[in-house]
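Participant: here is my input, please return the structure:
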Amino acid sequence: MARQQTGRAGRGHRGVREDRGPVRYGPPVHDPGLPVLPELAEVLAAAAGRAGPEPAGGGDALREAAVGYWQRRGLRGGPEHVAAAPGAPALLLALLAAHGGDVLMPRPCPAAWIPQARLLGRPAYHVPTPAECGGVPDPYALLETVRRIRAEGGRPRLLLISVVDDPTATVAPPELVREACEAAVAEGLHVVSDETWRDTLHRPRDTVLLSPAEMCPDDVTVVSDLAGALTPSGWPVAIARFPDTGRAAVRHARTLDVLTALGALVAEPVAAAAAHALREPEAVTDRIRRAAALQSRIAAAAHRAVLASGALARPPQAGRHLYADLGPLRSRLADRGVTDSLELEEYLTERLGTPTPGGHRFGDELGALRVRLGTGALLGATPEQQTESLTAVAPLELPHVARALSIFAAALDELR
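Facilitator: Next comes the predicted model:
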């Protein structure tokens with residue numbers, strides 16, 4: 001919240017707020033709505049006396065823990081194919097710099113993707129997604145976009161996708177992932193698969209998740225921000241798994257060069273906690289399982305409130321958010337001075353009391369009234385309330401959760 005409020009007094013011409021739109025006022029990382037897992041805090045505290053950073057790309061223990069994490073998910077490789085960085089933005093920036101060429105990504109896409117491409121001066125092209133999910137482009141639209149870019153003199157080289165998507169909270173079906181990746185590889189594109197949210201599936205037994213690296217092992221780099229499920233958002237660590245090929249080895253080396261030049265090194269105490277989480281001891285897996293089950297219930301209740309207001313949203317399948325389209329409420333929003341996603345972001349952030357980023361942050365058109373609604377803030381305002389939500393048999397019946405959901409529903413219902 002502090003970042004959203006910073007600079008509120010500053011205004012430009014004709015009363016336009018200076019904090020509307022710039023990247024530095026963009027959405028904060030997702031609020032998990034849960035206290036730090038005590039076991040992770042103990043590991044971090046035990047390593048607090050280590051004053052230095054990890055080597056560029058991460059130390060041996062962190063990379064080996066990442067190898068084990070991916071092997072348990074069917075993705076094999078050695079620590080020499082892994083790179084770690086202090087957060088996904090720095091890692092993605094290094095990956096983009098290492099690959100070169102133009103970047104393609106779905107619309108909408110994670111908020112961190114567009115700024116990294118712009119920072120490098122790279123053309124970034126958005127490709128429409130199918131109706132059933134976000135995160136992965138429609139294969140035919142992808143081929144047409146590649147053809148158009150080349151006809152205009154561009155050099156499409158990289159496709160970014162997220163099979164478990166932020167912002168839409170959907171999971172791409174395996175057949176779509178396969179078709180999109182095969183189309184990309186056939187056109188000479190390398191695929192970067194962001195799998196940050198793969199461990200947050202609301203119904204893991206009913207959801208089929210397929211990593212692109214399982215289908216195209218030589219043409220896919222996998223990226224995961226551990227803050228998605230494993231570590232607190234304030235302890236930034238992200239990991240990348242490179243293919244076992246000669247070309248990938250060159251890109252891995254370039255990525256380490258960029259991370260070194262940026263000084264993007266993981267702090268040793270954070271690396272120790274991250275490595276512990278990646279080994280997935282029982283306390284960590286239990287927290288992940290409980291948190292996903294809780295978010296499933298909270299997100300479903302939030303989704304019902306969105307639909308009851310007359311707005312639209314795909315049913316959330318993962319993560320701690322949902323993506324709502326308030327286009328059907330456009331006339332009522334216009335009565336309140338809300339005509340685009342910038343104004344919608346400001347309006348709902350004030351009404352809900354929590355950062356509510358508009359669709360323009362995720363590559364959607366400014367005129368589309370779309371917004372990402374976080375669910376972490378619905379779990380409680382204190383660590384005690386959040387822990388009670390996590391352990392309750394019926395969390396929706398807890399007074400603090402019921403009250404938060406009531407405020408959430410009322411902010412949308414008044415637009416009917």
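Participant: rest of the way, CA atoms for contacts and neighbours
Facilitator: Fine.
Participant: tell me who's in contact with residue 359.
Facilitator: Applying CA atoms under 8 Å, 6 or more residues apart in numbering to residue 359 gives the contacts 108, 341, 365, 366, 368, 369, 370, 371, 372.
Participant: tell me where the chain has strands.
Facilitator: Assigned by DSSP state E, the chain shows strands spanning 82-85, 102-107, 124-128, 156-161, 190-194, 220-225, 238-241, 312-313, 321-325, 370-374.
Participant: mean confidence for the last one?
Facilitator: For strand 370-374, mean pLDDT rounds to 96.
Participant: select the longest helix from this protein.
Facilitator: helix 282-308 (DSSP state H).
Participant: list the buried residues for that one?
Facilitator: 284-285, 287-289, 291-296, 298-300, 302-303, 305-307 (16 or more other CA atoms under 10 Å).
Participant: quick one: the strands of the chain as a markdown table, columns for distance to residue 352 and mean neighbour count too.
Facilitator: Output for the strands of the chain, formatted as a markdown table (distance: least, CA to CA, whole Å; neighbours: other CA atoms under 10 Å):
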| stretch | distance to residue 352 | mean neighbour count |
| --- | --- | --- |
| strand 82-85 | 33 | 28 |
| strand 102-107 | 26 | 24 |
| strand 124-128 | 30 | 20 |
| strand 156-161 | 30 | 24 |
| strand 190-194 | 29 | 24 |
| strand 220-225 | 27 | 24 |
| strand 238-241 | 30 | 27 |
| strand 312-313 | 18 | 19 |
| strand 321-325 | 14 | 24 |
| strand 370-374 | 10 | 25 |
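Participant: as TSV, those strands with distance to residue 415 would be great.
Facilitator: Converted to TSV, the strands of the chain look like this (distance: least, CA to CA, whole Å):
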stretch	distance to residue 415
strand 82-85	43
strand 102-107	26
strand 124-128	28
strand 156-161	34
strand 190-194	35
strand 220-225	36
strand 238-241	39
strand 312-313	13
strand 321-325	13
strand 370-374	14
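Participant: straight-line length of stretch 356-374, end to end?
Facilitator: This stretch, stretch 356-374, spans 7 Å end to end (CA to CA, to the nearest Å).
Participant: quick one: it to chain centroid distance?
Facilitator: 14 Å (CA atoms, centre = their mean, to the nearest Å).
Participant: what stretches of this protein score poorly on pLDDT?
Facilitator: For the chain, the stretches with pLDDT under 70 are 1-22, 24-26, 28-29.
Participant: residue nearest the middle of it, spatially speaking?
Facilitator: residue 166 (4.5 Å; CA atoms, centre = their mean).
Participant: contacting residues around the residue nearest to that residue when sequence neighbours are not counted?
Facilitator: Nearest non-adjacent residue to residue 166, counting by CA to CA, 6 or more residues apart in numbering: residue 110, 5.4 Å away. Residue 110 is in contact with 165, 166, 167, 362, counting by CA under 8 Å, 6+ apart.
Participant: who's in contact with residue 27?
Facilitator: 4, 111, 355, 356, 357, 361.
Participant: quick check: it vs residue 41, distance?
Facilitator: In terms of CA to CA, residue 27 sits 26 Å off from residue 41.
Participant: next: residue 170.
Facilitator: 31 Å.
Participant: how about residue 243?
Facilitator: Distance, residue 243 to residue 41, by CA to CA: 33 Å.
Participant: residue 288 too?
Facilitator: From residue 288 over to residue 41 the distance is 16 Å, taken as CA to CA.
Participant: again with residue 54
Facilitator: 19 Å.
Participant: more neighbours, those two?
Facilitator: Per other CA atoms under 10 Å, whichever of residue 54 and residue 41 has more neighbours is residue 54, with 21 against 15.
Participant: wait, doesn't that one sit right on residue 264?
Facilitator: No - judged on CA atoms under 8 Å, residue 54 makes no contact with residue 264 at a distance of 9.8 Å.
Participant: was I right about residue 196 contacting residue 231?
Facilitator: No - applying CA under 8 Å, one finds residue 196 not in contact with residue 231, separated by 11.4 Å.
Participant: any buried residues in stretch 359-372, and which?
Facilitator: 359-366, 368-372.
Participant: from one end of it to the other, what's the distance?
Facilitator: From start residue to end residue, stretch 359-372 stretches across 7 Å - CA to CA.
Participant: just the buried residues of stretch 359-372 now: which is nearest residue 125?
Facilitator: residue 363 (9.7 Å; CA to CA).
Participant: got the contact list for the closest one?
Facilitator: With CA under 8 Å, 6+ apart, residue 363 has these contacts: 107, 108, 109, 111, 114, 126.
Participant: and the residue nearest to the centre of the chain, how close does it get to residue 350?
Facilitator: The separation that residue 166 has from residue 350, given CA to CA, amounts to 23 Å.
Participant: neighbours around the closest residue to residue 367 other than its chain neighbours, how many?
Facilitator: Closest residue to residue 367 apart from its sequence neighbours, by CA to CA, 6+ apart: residue 340 at 4.6 Å. Neighbours of residue 340 under the rule other CA under 10 Å: 21.
Participant: what do you get for residue 122?
Facilitator: 16.
Participant: surely it meets residue 97?
Facilitator: No - if you go by CA under 8 Å, residue 122 and residue 97 don't touch, sitting 9.2 Å apart.
Participant: ok, how many other residues are close to residue 414?
Facilitator: Residue 414: 10 neighbours (other CA under 10 Å).
Participant: ok, now which ones touch it?
Facilitator: Here residue 414 is in contact with residue 309 (CA under 8 Å, 6+ apart).
Participant: which one of the strands of the chain lies nearest to residue 386?
Facilitator: Nearest of the strands of the chain (CA to CA): strand 370-374, 15.0 Å.
Participant: show residues contacting that closest one.
Facilitator: With CA under 8 Å, 6+ apart, strand 370-374 has contacts from 30-31, 167-168, 320-327, 341, 344-345, 356-359, 364.
Participant: the inter-axis angle of that strand versus strand 321-325?
Facilitator: 160 degrees (axes from the mean of the first three to the mean of the last three CA atoms, to 10 degrees).
Participant: got the angle for strand 370-374 vs helix 282-308?
Facilitator: 140 degrees.
Participant: going by distance to residue 150, which of the contacts of residue 359 wins?
Facilitator: residue 108 (22.6 Å).
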